[in-house]
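Colleague: Sharing a model that was predicted from the sequence below.
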Amino acid sequence: MDFLDDAPEGEVLDATVKPGTIRIILADSQAIYRVGIRKVFALEDDLRVVAQADSLDSLRSAIARYPSDVVLLEGGLLAGTANVIPELLRLAPDVKLIVQAVATDESHTVELYRRGVRGIVNRSISPDLLVRCVRRIAAGETWIDNQSVNWVIEAYRAQAAALVSPRSQPRLSPKELAIITCITQGKRNKEIAFQLGTTEQVIKNYLRKIYDKLGVSDRLELALYCLHNKIIQSDADEEAVAQKVVTS
């Protein structure tokens, strides 16, 4: 693992990070690329690279050792792996993953978002756009281009159509239905909690139960499934709802 030049190995690198600073781990096999990205982020007062990694093993160690908000991950490090992303998110549930890829295709893009990646960017992305991407994802948004949105919508729509009929599904409580309705409106957990007069953690707990009940794995799949099977009523079509959920 590579550590910051001005911090000896073993020192807690984020100890001097100011409140509100976005803590970033760079995971890239190319040292020259990591140096370039660090220079880009060094120009921003609210961005701080707290650790670097040149392999998946060193990334696991970095995530476990250094509290961080965002991991900028070279897509090539994921080659030949299947469950790395869920594994990383188990190590640090609140960290947000951005994958940098040379090229993307439909199946790979859908799979990355499905497994929990919050953004996919090209390796040739401009510095300004990369900084904007990191800030938006750190704030809880998803970074996704129009082509990827269409790929994700079509994949989830097909999966929702193939799921079991809701007649065989457990009954949903009024509060669960209210949460699902909020999800289809593109509201975040914090907004849903405020509307229902509860806490964000309670909403997260409800969502886990809803996912288990309906056999879905995330917000988008939940929204499309419930619209397709008319579990909730909405005047919006599936594509409009999907756009709201993906970008919320």
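Modeller: Nice, I can see it. Numbering: from 1, shown residues only.
Colleague: Could you use CA atoms for every contact and neighbour count after this?
Modeller: Will do.
Colleague: how about the helices of this structure, start to end?
Modeller: 31-42, 56-65, 84-91, 106-115, 127-138, 146-162, 174-184, 189-196, 200-214, 219-228, 238-246 (DSSP state H).
Colleague: Would you check that A92 makes contact with R65?
Modeller: No. Judged on Cα atoms under 8 Å, A92 makes no contact with R65 at a distance of 10.2 Å.
Colleague: Looking at these two, which one has more neighbours?
Modeller: Each of A92 and R65 has its neighbours counted (other Cα atoms under 10 Å); A92 has more, 16 against 13.
Colleague: Phi and psi next, for that one.
Modeller: With angles defined as degrees, to the nearest 10, A92 sits at phi -140, psi 80.
Colleague: Could you check how far the residue nearest to D46 when sequence neighbours are not counted is from K96?
Modeller: Nearest non-adjacent residue to D46, counting by Cα to Cα, 6 or more residues apart in numbering: T21, 4.5 Å away. According to Cα to Cα, to the nearest Å, T21 stands 15 Å off from K96.
Colleague: Then V245?
Modeller: 17 Å.
Colleague: for N122, what are its contacts?
Modeller: Going by Cα atoms under 8 Å, 6 or more residues apart in numbering, N122 touches 100-103.
Colleague: and if you look at S68?
Modeller: Per Cα under 8 Å, 6+ apart, neighbours of S68: 22-25, 50, 95.
Colleague: Return the subset of those lying in strands.
Modeller: 22-25, 50 (DSSP state E).
Colleague: Okay, domains of the chain per the record?
Modeller: As assigned by automatic domain parsing, the chain contains the domains 13-143, 151-246.
Colleague: Go through the ones you listed and find the least confident stretch.
Modeller: With a mean of 81, domain 151-246 has the lowest mean pLDDT of these.
Colleague: E44 is in contact with the residue nearest to D46, correct?
Modeller: No. Checked against Cα under 8 Å, the pair T21 and E44 is beyond contact range at 9.8 Å.
Colleague: between the two, which one's more packed in?
Modeller: T21 (15 against 11).
Colleague: Can you pull the phi/psi pair for the most centrally placed residue in the chain?
Modeller: By Cα atoms, centre = their mean, the chain has its centre lying nearest to R118, at 2.7 Å. Main-chain torsions, R118, degrees, to the nearest 10: phi -100, psi -10.
Colleague: Look up the closest residue to I144, ignoring the ones flanking it.
Modeller: Nearest one to I144, counting by Cα to Cα, 6+ apart, is G119 at 6.0 Å.
Colleague: how close does that neighbour sit to A79?
Modeller: Applying Cα to Cα to G119 and A79 gives a distance of 17 Å.
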